[in-house]
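Undergrad: When you get a sec, could you give me coordinates for this:
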Amino acid sequence: MQCYPEQLQAKLAQRLQPIYMIFGDEPLQKHEAIAEIRKAAAKLGFDNGQRFVAGNGFDWQQLNAAGATMSLFSEGELIELELPTAAPGRDGGQWLQQYVSQPTPDQILIVHGPRLAKDKQKAKWCQALQSAALSITVNPLSGQQLQRWLEGRCQRHQAVLQPAAKLFLMEQCEGNLLAADQELQKLALLYGNTPVSLEQLQVSLGNHARHNVFQLSDALLANDLPRCLKILDSLQGEGLEPVIISWALSKEVLLLQKVAELPSGDSRGMMRLGIWQQRQPLFQQALKRLSAEQIRQMINRCAELDQGLKGGTIQHPWTWLAHLCLMFSQPWQQEPLFISDAELAQ
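TA: Just a heads-up that it's a prediction; the model follows:
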C-alpha cells in the first residue's frame, strides 16, 4: 500500500502495520517518517528497538536473533533496517522474502534506504515488500509540492514570510529541506509573528551562511576543504545536531553514485535525480576526482556514522564528520586514515 509522507500520521492513528518501507533521497522527510512510526509504536508498547545497517558483509542472521533480546516488559519490538545502497544482495533479498512470507509476531519492521531505481523495484525482494508493507516514498520536492511543504513548515514553526521572501527561500532550499527547516526556525525566533521581508531574509541568510547545511554540501562538492571545515566548526558552535549533517552528507554521496551511473553530461538525468542546473557542475567536478570505489567507501562510512548516531555509540561525532569531509576533498587511492571512537578514547 502506497502512502505519501503527509498521510502517514493519519495512517498511524488508524493502526500500525507490521512492515514499513521508506525509500527516497529526501533525508528530512525520511527521518520524520521514521520518527513518527517510532512514536506511534512506543505508545502501543513497542519500546524495545534495534537498528541495523545492511552494508557490505552484513550478517543477515543477526536479524533472526533480534527478537530474542526483547525485554520481558515490552509488548513488542521495533526493528529498523537500513539498506544504504537500496540493494540487499542475494542473502538479504532471500531474508526479506522469507520475512514477508512469515512476519515475526509482536515485531514491527522498518526497511529504509535511498531512491529505488526501476530495476530494483522489479526485484523479487522489493515486490515482496511492496505487497506486504505500507510504502512511503520520500523524493526531493519541487514546484507546487515544495510550495505546499514550505507553507506547512511556516505554520508549524509559526514563521511568517512575505510572498517575495517565501519565493526566495523556496528557490534557495530546493533539494535541501533540512536547511529550509533550520532557517524557518531561526526566522521564527528572530521575528516572531512579524512578516519577514525579502531583505530581512537575505540578511539572515547572509549572517548565517556558514550555518546552512546546504552550503556545506556545495563546498564539499567544490573541493573547498578550508571552507568546509570552517562551516563545520560554525555548525558545531551553533549546536546543530550532528545527525542532520550526517543525513546531508549521506544524501550527497548517494547522489554522486547515481550521477556516476548516468551518461556523461546527462543534464536531464540529473534533473530527474533532483539536481538542478545550478548545482550540476559541482557534481561533475566532484566525479572528476572521486572514483566509484571511493564513493562506495564513503557510503559505508556515512552508514556507520548514521547507525552510531542513532544508537548512541558515537562519542566524537564532529571528528567523524570532519573525516568524512576529508574523504570528499582529498584524493586517495587506498582506505583513508579514519580514526574510530575507540582510538580517540585511548
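Undergrad: following the one helix or strand Q145 maps to, which helix or strand shows up next?
TA: For Q145, the element it lies in under DSSP states H and E is helix 143-157. Downstream of helix 143-157, the first helix or strand assigned by DSSP H and E is helix 163-173.
Undergrad: Can I get that next one in PDB? Just the C-alpha atoms.
TA: Taking Å, rounded to 0.1, in the frame of the first residue of the first chain, the C-alpha atoms of helix 163-173 are listed here in PDB:
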ATOM      1  CA  PRO A 163       5.400  36.400  -0.600                       C
ATOM      2  CA  ALA A 164       8.800  37.600  -2.100                       C
ATOM      3  CA  ALA A 165      10.700  36.200   0.800                       C
ATOM      4  CA  LYS A 166       8.800  32.900   0.600                       C
ATOM      5  CA  LEU A 167       9.600  32.500  -3.100                       C
ATOM      6  CA  PHE A 168      13.300  33.300  -2.500                       C
ATOM      7  CA  LEU A 169      13.600  30.800   0.300                       C
ATOM      8  CA  MET A 170      11.800  28.200  -1.900                       C
ATOM      9  CA  GLU A 171      14.400  28.800  -4.600                       C
ATOM     10  CA  GLN A 172      17.300  28.600  -2.100                       C
ATOM     11  CA  CYS A 173      16.100  25.400  -0.400                       C
END
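Undergrad: Which strands and helices lie in contact with the next helix or strand along the chain from that helix?
TA: Following helix 163-173 in sequence order, the next helix or strand is helix 177-191 (DSSP H and E). When contacts are defined as 3 or more C-beta pairs under 8 Å, 6 or more residues apart in numbering; DSSP states H and E, helix 177-191 packs onto helix 27-43, helix 143-157, helix 163-173, helix 198-207, helix 213-221, helix 242-260. All C-beta spots, glycine's among them, are computed from the backbone N, C-alpha and C.
Undergrad: Pick out the shakiest of these, pLDDT-wise.
TA: For those, mean pLDDT drops lowest on helix 198-207, to a mean of 79.
Undergrad: just the angle between that one and helix 177-191, please?
TA: For helix 198-207 against helix 177-191, the angle by axes from the mean of the first three to the mean of the last three C-alpha atoms, to 10 degrees is 110 degrees.
Undergrad: what comes into contact with helix 198-207?
TA: Helix 198-207 is contacted by residues 161-162, 164-165, 168-169, 172, 183, 186-187, 190-191, 196, 212 when judged by C-beta atoms under 8 Å, 6 or more residues apart in numbering.
Undergrad: Out of those, grab the one that's most surrounded.
TA: In terms of neighbour count, L169 stands highest of those at 26 neighbours, by other C-beta atoms under 10 Å.
Undergrad: Buried residues, stretch 102-119. List them.
TA: Using 16 or more other C-beta atoms under 10 Å as the test for burial, stretch 102-119 gives 104, 107-116.
Undergrad: which residues make contact with it from outside it?
TA: For stretch 102-119, using C-beta under 8 Å, 6+ apart, the contacting residues are 16-25, 30, 34, 37, 41, 46, 66-67, 70, 75-86, 96, 99, 126, 129, 132-133, 139, 254, 258, 273.
Undergrad: 6 Å - rerun?
TA: Applying C-beta atoms under 6 Å, 6 or more residues apart in numbering, the contact partners of stretch 102-119 are 18-25, 41, 46, 67, 76-83, 86, 254.
Undergrad: hmm, back to that, ok, and which of the helices and strands packed on helix 177-191 has the densest surroundings?
TA: helix 213-221 (a mean of 23; mean count of other C-beta atoms under 10 Å).
Undergrad: Who are the packing partners of it?
TA: In this structure, helix 213-221 makes packing contacts with helix 177-191, helix 225-238, helix 242-260, helix 280-289, judged by 3 or more C-beta pairs under 6 Å, 6 or more residues apart in numbering; DSSP states H and E.
Undergrad: Please repeat the previous calculation with a cut-off of 7 Å.
TA: Judged by 3 or more C-beta pairs under 7 Å, 6 or more residues apart in numbering; DSSP states H and E, helix 213-221 is in contact with helix 177-191, helix 225-238, helix 242-260, helix 280-289, helix 317-329.
Undergrad: circling back to that earlier point, same list as before, the helices and strands packed on helix 177-191 that is, but in a markdown table and with distance to S234 included.
TA: Shown next, in a markdown table, are these (distance: least, C-beta to C-beta, whole Å):
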| stretch | distance to S234 |
| --- | --- |
| helix 27-43 | 20 |
| helix 143-157 | 22 |
| helix 163-173 | 18 |
| helix 198-207 | 11 |
| helix 213-221 | 9 |
| helix 242-260 | 11 |
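Undergrad: So which of those helices is nearest S329?
TA: Closest approach to S329 among the helices and strands packed on helix 177-191 (C-beta to C-beta): helix 213-221, 6.7 Å.
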